[in-house]
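1. Prediction below, plus the sequence it came from.
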Amino acid sequence: MKKYILLSLFAVFSALVTAVFLHQKSHNINMCHSELLWIKDNGTDEGLILKSKTNILIDNDNTGRMKMYGYIKQNNVFYRLDRAIYFNFQSIDKNHHYSVHFNQLSITNSDNVPKELFANFIQLEEEKINYYVSITKMDDGIYILKDETYSSFTCYVEK
């Protein structure tokens, strides 16, 4: 189960970096799509589950927005997830490695995920956390994102 937890944790952060990389390579690419299933250990057999459709938009000024729509499940209770997470990013070398820093949330009225529950998945500005990812381009708009400490996931870029 820990393998799935780590894979899911990496998925969210890698999607952001993929969008950044693609946008810097071609100004025609500015959105990345992914479906995430993120499972975190919480001491139960089921764990905390975040399932979301995710769209990532990036801008030329090294900022971006990750829109998440889905749910978080904790102890058989479902919470609707419908929010945007704003971030800054920067290249840290010429080998497609990036640093991502989440800094703000925009939560819709339909989102009822408690702040403490969402913090199990993504920490914002107050924690001063940077996430580091690398990006590998595959065929047909598919990119593989990999964190140095977690597993890989894919992201589809519209052309």
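-> Yep, it's here.
2. My guess is F102 contacts R83. True?
-> No - under the criterion of C-beta atoms under 8 Å, F102 lies out of contact with R83, with a separation of 11.6 Å. Yep, even glycine has a C-beta here, placed from its N, CA and C like the rest.
3. hey, which strand is longest across the chain?
-> Counting residues, the longest strand found in the chain (DSSP state E) is strand 77-91.
4. Paired strands for that one, with orientation please.
-> Using DSSP bridges, strand 77-91 pairs in its sheet with strand 63-74 (antiparallel), strand 97-107 (antiparallel).
5. okay, now E46: neighbour count?
-> Neighbour count of E46, defined by other C-beta atoms under 10 Å: 12.
6. Tell me, what's the model's pLDDT at it?
-> Listed pLDDT for E46 reads 88.
7. Kindly report the same for the one 5 residues further on.
-> Among the per-residue scores, K51 shows a pLDDT of 94.
8. wait, what's in contact with I85?
-> For I85, the contact set (C-beta atoms under 8 Å, 6 or more residues apart in numbering) comprises R65, M66, M68, F102, Q104, L105, I122, L124.
9. Same list (the residues you listed) but as a markdown table, adding distance to N88, neighbour count and pLDDT.
-> Formatted as a markdown table, these follow (distance: C-beta to C-beta, whole Å; neighbours: other C-beta atoms under 10 Å; pLDDT from 0 to 100):
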| residue | distance to N88 | neighbour count | pLDDT |
| --- | --- | --- | --- |
| R65 | 11 | 17 | 92 |
| M66 | 12 | 25 | 90 |
| M68 | 18 | 25 | 95 |
| F102 | 8 | 22 | 87 |
| Q104 | 10 | 12 | 89 |
| L105 | 14 | 15 | 91 |
| I122 | 14 | 20 | 84 |
| L124 | 12 | 18 | 77 |
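10. Dump those residues to JSON lines, plus distance to H33.
-> What follows is the contacts of I85, written out as JSON lines (distance: C-beta to C-beta, whole Å):
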{"residue": "R65", "distance to H33": "14"}
{"residue": "M66", "distance to H33": "11"}
{"residue": "M68", "distance to H33": "12"}
{"residue": "F102", "distance to H33": "19"}
{"residue": "Q104", "distance to H33": "22"}
{"residue": "L105", "distance to H33": "21"}
{"residue": "I122", "distance to H33": "18"}
{"residue": "L124", "distance to H33": "23"}
